[in-house]
Every structure is written in C-alpha cells, then in structure tokens.
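S.K.: no letters, just coordinates:
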C-alpha cells in the first residue's frame, strides 16, 4: 500500500490483509497511507465505501488506521471530511470515522 495506490487497489489489499498483521511498523505504514489518502482523495474513498458498504473488513481497517500515531493534522482533515463531505448513504461510516478521529486526537 502506497500513496500512489488507487482506492480499488487499497481496498483489495485491505480485505486480503490478515487481521493479526496490523501491528507495529507495518500497521503504522498502513495507517499513514489510508488516512493521508482519505485526506487527498475523499471522493475516491467514498466511492469505494459506496461500492462495498457492507464489507466490515475494509471499514474495520480504516477505523483501526485512525489512531494517535498519525500526524494530528491528517486526523483532523479526515474528521472534517467525514463531517462536511459525507454522502447521506455513508452517514454511519462517516460518523464512525469522526468518532475515531476525535478519540485519536484525545490520546
């Protein structure tokens, strides 16, 4: 997963990733990529969520990626986008992103 990866590529990698592999340096890289990519390409992110709204594996990885190891600026941007640029059909997911962003900023 890199910033050059498209959202469909990130989605495929995320759902193939074993849950137990989200730890340490590896997890920090995934978190950084996902949250920064959300900041830079929110439309692509919401398109993937809209295409796979019931896929808990992807959304779970997104939520685990929003944590205190990230640059607070990136966390704030993700939270702001979840508040102001969320499609009505993704309100539940955006509310979860906003909650995780608030938690990460408090840590």
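M.R.: Cool, the structure landed. What you see is a predicted model; the values in this text were computed from it and never measured.
S.K.: ok, now which ones touch the residue most central in space within the chain?
M.R.: Centroid-nearest residue in the chain, with C-alpha atoms, centre = their mean: residue 62, separated by 3.3 Å. Going by C-beta atoms under 8 Å, 6 or more residues apart in numbering, residue 62 touches 14, 34, 38, 97. Using the backbone N, CA and C atoms, a C-beta is placed for each residue, glycine as well.
S.K.: residue 11 now?
M.R.: 48, 52, 58.
S.K.: can you redo these as CSV with pLDDT, distance to residue 85 and secondary structure?
M.R.: Formatted as CSV, the contacts of residue 11 follow (pLDDT from 0 to 100; distance: C-beta to C-beta, whole Å; DSSP: H, G, I helix; E, B strand; the rest coil):
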residue, pLDDT, distance to residue 85, secondary structure
48, 95, 15, helix
52, 90, 19, coil
58, 89, 19, helix
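S.K.: how far does the worst-scoring helix or strand of the chain on mean pLDDT sit from the chain's center?
M.R.: Here the helix or strand of the chain ranked lowest by mean pLDDT, DSSP states H and E is helix 24-40, holding a mean of 80. On the basis of C-alpha atoms, centre = their mean, to the nearest Å, helix 24-40 sits 8 Å off its chain's mean C-alpha point.
S.K.: buried sites along it?
M.R.: By 16 or more other C-beta atoms under 10 Å, the buried positions in helix 24-40 come out as 27, 30, 31, 32, 33, 34, 35, 36, 37, 38, 39.
S.K.: let's have those residues in a markdown table, adding distance to residue 4.
M.R.: Shown next, in a markdown table, are the buried residues of helix 24-40 (distance: C-beta to C-beta, whole Å):
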| residue | distance to residue 4 |
| --- | --- |
| 27 | 20 |
| 30 | 15 |
| 31 | 17 |
| 32 | 14 |
| 33 | 10 |
| 34 | 14 |
| 35 | 16 |
| 36 | 12 |
| 37 | 10 |
| 38 | 15 |
| 39 | 15 |
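S.K.: if we can go back for a sec, could you measure from the residue nearest to the centre of the chain over to residue 74?
M.R.: 13 Å (C-beta to C-beta, to the nearest Å).
S.K.: do I have it right that residue 66 meets residue 102?
M.R.: No. Residue 66 is beyond contact range of residue 102, at 9.6 Å (criterion: C-beta atoms under 8 Å).
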